[in-house]
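J.: Can you look at this prediction? I've put the sequence above it.
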Amino acid sequence: MPLDSLYSAISAEPIAAASLGQVYKAQLKCSGQVVAIKVQRPGIEEAIGLDFYLLRGLGFLINKYVDFISTNVVVLIDEFAKRVYQELNYVQVHNS
């Protein structure tokens, strides 16, 4: 669905930005209500996927060779990755 069928106006510049995306101010055509539109940065899922792949490899090495760390580092990385991917799912974030 084209954006101009939903919104009568969208800000040219983001009103907020973070590592995962940007937020724009918009006005709904149907009601005139001012809303925020979250836009994910292009390629972010692929980039994060590679980052977590590399971190898991490092976590495996830490688990194997670093004796003074008793926590399973790979499990920590996996849990962190799970939370980040939940944040990337804007529909899930909106509904929670």
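T.: On my side now, so go ahead. Numbers count the residues shown, from 1 in each chain.
J.: where exactly do the strands run in the chain?
T.: Ranges of strands in the chain, per DSSP state E, are 7-10, 16-17, 21-28, 34-40.
J.: Each with direction, which strands does the shortest one pair with?
T.: It stands for strand 16-17. Sheet pairing of strand 16-17 (DSSP bridges) gives strand 21-28 (antiparallel).
J.: what residues does the strand it pairs with touch?
T.: Here strand 21-28 makes contact (Cβ atoms under 8 Å, 6 or more residues apart in numbering) with 6-11, 13-17, 33-41, 44. C-beta coordinates here come from the backbone N, C-alpha and C atoms, glycine included.
J.: Buried residues of the longest helix seen in the chain, list them for me.
T.: Secondary structure assigned by DSSP state H gives helix 44-65 as the longest helix of the chain. Going by neighbour count (16 or more other Cβ atoms under 10 Å), the buried part of helix 44-65 is 48, 52, 55, 59, 62.
J.: Got the domain ranges for the protein?
T.: Per automatic domain parsing, the structural domains of the chain span 1-41, 42-96.
J.: Mean pLDDT and mean neighbour count added to the strands of the chain, as TSV?
T.: Shown next, in TSV, are the strands of the chain (pLDDT from 0 to 100; neighbours: other Cβ atoms under 10 Å):
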stretch	mean pLDDT	mean neighbour count
strand 7-10	96	14
strand 16-17	94	12
strand 21-28	96	16
strand 34-40	94	13
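J.: Please dump these into CSV; it should also carry distance to residue 82 for every row.
T.: What follows is the strands of the chain, written out as CSV (distance: least, Cβ to Cβ, whole Å):
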stretch, distance to residue 82
strand 7-10, 32
strand 16-17, 24
strand 21-28, 19
strand 34-40, 18
